[in-house]
Each structure stands twice: as structure tokens, then as C-alpha cells.
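**Student:** any chance you can model this:
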Amino acid sequence: MVVQKYGGTSIGDVEKLKLIAKKIVDKKTEGFSPVVVVSAMGKTTDELVDMSEKVTFNKVKPDLREKDTLLSTGELVSATLLAMSIKSLNVDVLSLSGQQAGILTDQIHGSARISDINTDRMMKEINDDKILIIAGFQGINNQGDITTLGRGGSDTTAVALAAALSADVCEIFTDVEGIYTTDPRIVNQARKLEYINYEDMLEMAVLGAKMHPRSIELASVYNVPVYVAGTFSKKKGTLITKGDDMENNKTVTGIAIDKNVSKVTIKKIKNQPGTAASILKPLSDQSISIDIIVQNIPMDGYIDFSFSVSDDDLERVYDILMSQSNLEFEEVIQGKGFAKISLVGTGMQNAPGYATDMFNALGEENVEIEMITTSEIRITCLVKEEDVEKSVKSLHSKFELDKD
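**Tutor:** This next block holds a predicted model:
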């Protein structure tokens, strides 16, 4: 069995969708049992979001439950149209919503997490030799309400289904031909990787690579091989799998870029035990991801506390912080226009000096580093978005990532 996922650009119009239909039928002819996950076509989701914001009075934010129900229709359109196309080729096929596929989630509208998958319906249809087309990005909570999984939700759906169905592989088809050492639109010499391990890919995904980190986490936990390739390309893609299954001679695997990052600084908050938790817990309770965290040296019993968030979450972060009556601070400063640039590689764990080399390379380009964070296999710098291109080009050359 194989699970395939096709993104919005792959099925951006009817003609592309018909090409995908033939591709899926060919896979079936080769002896596989395809279970296909689809995103919404083209910019459908963006258009639905725009309508949801325009329909309310006084700039009131759309109700999240209703918004989830609305946004889920984009994937349903893709799934049903693709099923119709395949059916016209005299192949048995069935489209299923997230609910019909048995995808159960928690209660958080807009960024729900999959809690379980009941595979009974899917296995019955697969055993009846049907191709399944599943609407990605969605599920149902224990109250019977439709939920959506947030950005990258269709990737997460595909990997979760591959794990639940014990598929041999999860194939992610997209508008790029695989995973590269960095963004090839920035560095012409960026090299496509034949293999990458889960650990490196998770770090790359967290920082803006083509797959969502939750999908890589699931793949790693359930040992699902994930193959990323171009939808309409015959060139070989990238296999994401366990580190033991490949050679990895490179200390640095790649340079990850995450644009649209904001910096938040809470000025003059009282320094006492539990301060960080009192700031971060309300944010994590709303599934807001915080990455780089910096706390300065206390002055007169007060500190400045800074962290990075995505631009999409900035407004929510501000609202949540201002609503915390137990937090006393002077002001919250918000700044957009930043980006995270990271060296990633499991080989860096036992190799000293890479942080120094990175900082030196950025310094030679007169790039100001706003914040820094590190893990065993990642070094991340927050820089101004306008400095991204020269920073990445310099680092890619410095660490010779264009060479095998």
C-alpha cells in the first residue's frame, strides 16, 4: 500500500487534476493500493479565508468553529473532483472527508492535532479494491464538529494515514523536485539531497522547508518512509528515513530559511521563579509555537524577555499577553520583518567550531544577528529579512554544500 499526497499547486486547475488522475491510476496498475490525500485547489483556501473576514461586521474575527467548517470544503472539492476524474477511467474509486475517513482530533479549531484514526471504513474499501481519495487538512472532534489541522495539515494527514494503515511509503508530491541543501531560488548551486534523516528533516521543516514539522514528527515516531518529489517531474526525489539507512558524510546537511518571523519583547517584567512559564504557557495552550527565547541579565529585579513567533501568530500573541492579569510589565514591543537562518546537520553534534564559522561568515557580510539559539544539530540566527539572500549565499559557500 502507498499513501500519496498532492498539494494545491499540483491540482491547481482541472487539467492538472486530470493528469494526477492518470498518475494515480498508473500506480494502481503497477500493483499498488493507492490512498491519496489532497489539498485544496490552487488558492482556494486563501479565497475562503478572505471571504470569512469580509462577511463579518465591525472587523469581528470569524468564529473559529464556523471557519473550520468553511475551510474544510476546499479539500472536499478537490477530493470529489479527482474521484470523478478517476471514475471516468472505469476505475473503482471513493472520496472521503476527514470525518468519513475516521480522522479524530482534539478540540482546537484552526490548529487541531490528530488524536486517533479509525481505519475500519478505509480498510473495508481498500479490501474491495477501491482507490481512496481523502480530503486532507481536516478531521472531527469528539463533539462531532469539523476541525482543521492548520498550516501543512495535508502533509500531516498523509503521514498519519500511512502510519495507521501500515503503508510501505508516504509519497509527497509538490512543486519542487525534493529537499535541497537550501532554497534553490536563492542559491543556484543548491543541491538536491538523495536522502535525509528524520532528525535533520525535522529541523529543516521547523524552519520553513517544504514539509510541516508535525508530519515529520509522526513519520519518525512510526518509522514511515517519506518520499518527496516533483509532481510532474521524472527526476528522482528525496527519501526521508532513519539515519541508519543511509550514508551521511556531511557535517552540515543544509541551511534552513524561515521568513515571515516576528520578534516580541516584553519590557521590564519582574524577575521571579516561574516568570518564563507564566509568559509561555498561555501561548502554548493556544498551540502557538515559540522558538528563539532570550532573557537578559536582571536589572533592579526586572528583566526584558524576548522570543520569536511567526507573523501569522503575532496578533494573537499580543492579545494573549495583554489579557494575562497576573503579568506585570512596562510594554510589549512587536517587530516584523525578520527571518531565521539555520545550519542543520546531525554531524555537527561532535564537531566544534561551526557556530564560530557561521557567525564569522555573517559578520563578513555585515549581517546583524538579532537573536541566537542552538541545539545539538542546529544553529539558528534571527536576522533582518532583507539580509537573508546574502547570508544564505555566504553560508552555502562557506560550508561547501554544493559539493557531494
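**Student:** now do whichever strand or helix holds residue 358: which elements does it pack against?
**Tutor:** Per DSSP states H and E, residue 358 falls inside helix 354-364. Packing partners of helix 354-364 (3 or more C-beta pairs under 8 Å, 6 or more residues apart in numbering; DSSP states H and E): strand 378-384, helix 388-398. In this view, the C-beta of every residue, glycine as well, is placed from N, C-alpha and C.
**Student:** how about those in CSV, adding mean pLDDT, mean neighbour count and distance to residue 291?
**Tutor:** Listed next are the helices and strands packed on helix 354-364 as CSV, based on pLDDT from 0 to 100; neighbours: other C-beta atoms under 10 Å; distance: least, C-beta to C-beta, whole Å:
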stretch, mean pLDDT, mean neighbour count, distance to residue 291
strand 378-384, 95, 21, 7
helix 388-398, 96, 19, 16
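**Student:** what segments of the stretch 251-400 of the chain are helices?
**Tutor:** Shown for the stretch 251-400 of the chain, the helices assigned by DSSP state H, counting those that start in this stretch span residues 275-284, 311-322, 354-364, 388-398.
**Student:** report how many residues lie close to residue 13.
**Tutor:** Using other C-beta atoms under 10 Å, residue 13 has 10 other residues around it.
**Student:** going forward can the numbers begin at 594, since that is how I track them
**Tutor:** Fine by me, first position is 594 from now on; the one you just mentioned is residue 606.
**Student:** dihedrals phi and psi, it?
**Tutor:** Dihedral angles of residue 606 (phi, psi; degrees, to the nearest 10) stand at phi -150, psi 180.
**Student:** find me the pLDDT at it, would you?
**Tutor:** Note on residue 606: pLDDT of 95.
**Student:** residue 732: which element?
**Tutor:** Element membership for residue 732, per DSSP H and E: strand 731-733.
**Student:** ok, back up a step: JSON lines for the helices and strands packed on helix 947-957, including distance to residue 834?
**Tutor:** Shown next, in JSON lines, are the helices and strands packed on helix 947-957 (distance: least, C-beta to C-beta, whole Å):
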{"stretch": "strand 971-977", "distance to residue 834": "20"}
{"stretch": "helix 981-991", "distance to residue 834": "24"}
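**Student:** residue 942 and residue 991, how far apart?
**Tutor:** Going from residue 942 to residue 991 by C-beta to C-beta, to the nearest Å gives 19 Å.
**Student:** packing partners of the lowest-mean-pLDDT helix or strand in the chain?
**Tutor:** The helix or strand of the chain with the lowest confidence, counting by mean pLDDT, DSSP states H and E, is helix 791-799 at a mean of 88. Other elements packing on helix 791-799 under the criterion 3+ C-beta pairs under 8 Å, 6+ apart are helix 806-815, strand 831-834, strand 847-863, strand 924-937.
**Student:** now, of the ones you listed, which is deepest in the fold?
**Tutor:** Mean neighbours per residue, mean count of other C-beta atoms under 10 Å, is largest over these for strand 831-834, with a mean of 23.
**Student:** partners of that strand, with directions?
**Tutor:** strand 788-790 (parallel), strand 819-823 (antiparallel) (DSSP bridges).
**Student:** still on that earlier bit, so what touches the least confident helix or strand of the chain?
**Tutor:** For helix 791-799, contacts defined as C-beta atoms under 8 Å, 6 or more residues apart in numbering pick out 772, 789, 802, 804-806, 808-810, 812-813, 833-836, 846-847, 849, 851, 884, 935, 937-939, 968, 970-971.
**Student:** equivalent analysis for stretch 709-718, please.
**Tutor:** By C-beta under 8 Å, 6+ apart, the list of residues contacting stretch 709-718 reads 628, 687, 689, 693-697, 725, 753-754, 757-758.
**Student:** just the ones of these in helices?
**Tutor:** Counted as lying in helices by DSSP state H, out of the contacts of stretch 709-718, are 753-754, 757.
**Student:** so can I have JSON lines of the residues you listed showing pLDDT, neighbour count and distance to residue 609?
**Tutor:** Output for the ones in helices among the contacts of stretch 709-718, formatted as JSON lines (pLDDT from 0 to 100; neighbours: other C-beta atoms under 10 Å; distance: C-beta to C-beta, whole Å):
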{"residue": "753", "pLDDT": "98", "neighbour count": "26", "distance to residue 609": "25"}
{"residue": "754", "pLDDT": "99", "neighbour count": "29", "distance to residue 609": "22"}
{"residue": "757", "pLDDT": "98", "neighbour count": "22", "distance to residue 609": "28"}
